[in-house]
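need a 3D model of the following:
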Amino acid sequence: MPSARILALIPARGGSKGVPGKNLRSLGGRPLIDWTIAAALEADVGPVVVSTDDARIADVARGLGAEVPFERPAHLADDQAPTLPVVVHALDELLAAGRAFDAVCLLQPTSPFRPPSLIVDATELLVRTGATSVVTIRPTPAELHPDWAYDLGPDSSLHLHNGELEPIRRRQDLPPAFHRDGAVYVTRADVIRAGSLYGTDGRGLVATGPSVNIDTLEDFAAAERVAVELAR
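Presented below is the predicted three-dimensional model:
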């Protein structure tokens with residue numbers, strides 16, 4: 001894939017049980033969605049499109065410089081709707097309008113602090129390697145390391161999840177482990193249409209910047225503290 005037409009897609013539905021009105025809720029004096037739109041526009045990897053079912057979100061997104069060329073249907077906007085069909089719907093709507101893309105850069109508003117450079121680096125890694133996907137990752141804290149995880153049997157028996165008999169004793173001896181941080185997903189369009197956000201050749205990019213994934217009011221409060229720090 002020597003070059004690629006990238007779609008920067010921001011999914012932002014109107015409903016949210018954990019944080020009501022989440023995508024338009026003020027974070028650091030700006031609507032939450034503004035943080036992601038601004039980063040995507042600055043990264044300039046491709047057109048920035050918001051997928052939403054909510055007219056207010058659509059109006060705000062347009063005012064911030066994003067495109068909202070279609071309305072997301074209700075069945076893709078409830079609490080149970082998975083991400084993949086939302087991305088497929090966006091690709092289909094844009095293709096019907098004569099706009100085809102080779103890959104989608106998925107940017108969720110709930111990870112507001114990604115730097116634009118991280119978006120650029122993720123898309124460049126996909127193009128350079130020919131991978132099926134690139135996701136941003138962060139080191140897993142030692143207390144959550146998979147080599148220290150246990151399976152609990154029905155009789156309350158404990159077994160190390162990795163199958164070993166003894167746990168690694170010192171955290172310094174744990175091998176590096178990483179988890180997805182949700183900031184950036186870049187996936188080839190043909191992989192998405194085949195039913196996956198990852199494919200068979202996924203690559204990881206270690207994320208930079210503060211890490212907050214907003215699902216609850218407590219998460220939003222933590223994000224507000226980060227926003228205050230960034231404004232100083």
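
going by C-alpha atoms from here, please, whenever you check contacts or count neighbours.
Noted.

can you give me the helices in this structure?
In the chain, the helices defined using DSSP state H lie at 32-43, 55-63, 83-96, 116-129, 189-193, 217-231.

which elements pack onto the fifth one?
Looking back up the chat, that one is helix 189-193. With contacts taken as 3 or more C-alpha pairs under 8 Å, 6 or more residues apart in numbering; DSSP states H and E, helix 189-193 sits against helix 83-96, strand 103-106.

quick one: residues in contact with the first one.
For helix 83-96, the surrounding residues in contact (C-alpha atoms under 8 Å, 6 or more residues apart in numbering) are 9, 11, 51, 70, 72, 76, 100-101, 192-193, 195-197.

again, but for the shortest one
Here strand 103-106 makes contact (C-alpha under 8 Å, 6+ apart) with 4-11, 119, 123, 184-190.

do you know how far V48 is from A90?
Distance, V48 to A90, using C-alpha to C-alpha, to the nearest Å: 12 Å.

hang on, the earlier thing: give me whichever of the helices and strands packed on helix 189-193 is most buried.
Comparing the helices and strands packed on helix 189-193 by mean neighbour count (mean count of other C-alpha atoms under 10 Å), strand 103-106 comes out on top with a mean of 25.

for it, give the mean pLDDT please.
For strand 103-106, the per-residue pLDDT values average out at 98.

how far out from the middle of the chain is that strand?
Distance of strand 103-106 from the chain centroid (C-alpha atoms, centre = their mean, to the nearest Å) equals 10 Å.

now swap in stretch 176-184 and tell me
On C-alpha atoms, centre = their mean, the centre of stretch 176-184 falls 10 Å from the chain's centre.

domains of this protein?
6-137+180-231, 141-176 (automatic domain parsing).

could you look over the ones you listed and pick the most buried one?
Mean neighbour count (mean count of other C-alpha under 10 Å) peaks for domain 6-137+180-231 among the domains of the chain, with a mean of 18.

now do the same end-to-end measure for that one.
Termini of domain 6-137+180-231 sit 31 Å apart (C-alpha to C-alpha).

give the residue farthest from the middle of the protein.
Here the chain reaches farthest from its C-alpha mean at D155, the gap being 38.3 Å by C-alpha atoms, centre = their mean.

who's the nearest residue to L165 once chain neighbours are set aside bridged to?
Counting by C-alpha to C-alpha, 6 or more residues apart in numbering, L165 lies nearest to H159, which is 7.6 Å off, once chain neighbours are set aside. On the basis of DSSP bridges, H159 is bridged to D151.

what residues are up against H159?
With C-alpha under 8 Å, 6+ apart, H159 has these contacts: Y150, D151, L152, G153, L165.

show me the two of these that sit farthest apart.
Of all pairs drawn from the contacts of H159, the one with the longest distance (C-alpha to C-alpha) is G153 and L165, at 15.1 Å.

any idea which residue sits dead centre in this protein?
When C-alpha atoms, centre = their mean is applied to the chain, the residue found nearest the centroid is G182 (3.6 Å).
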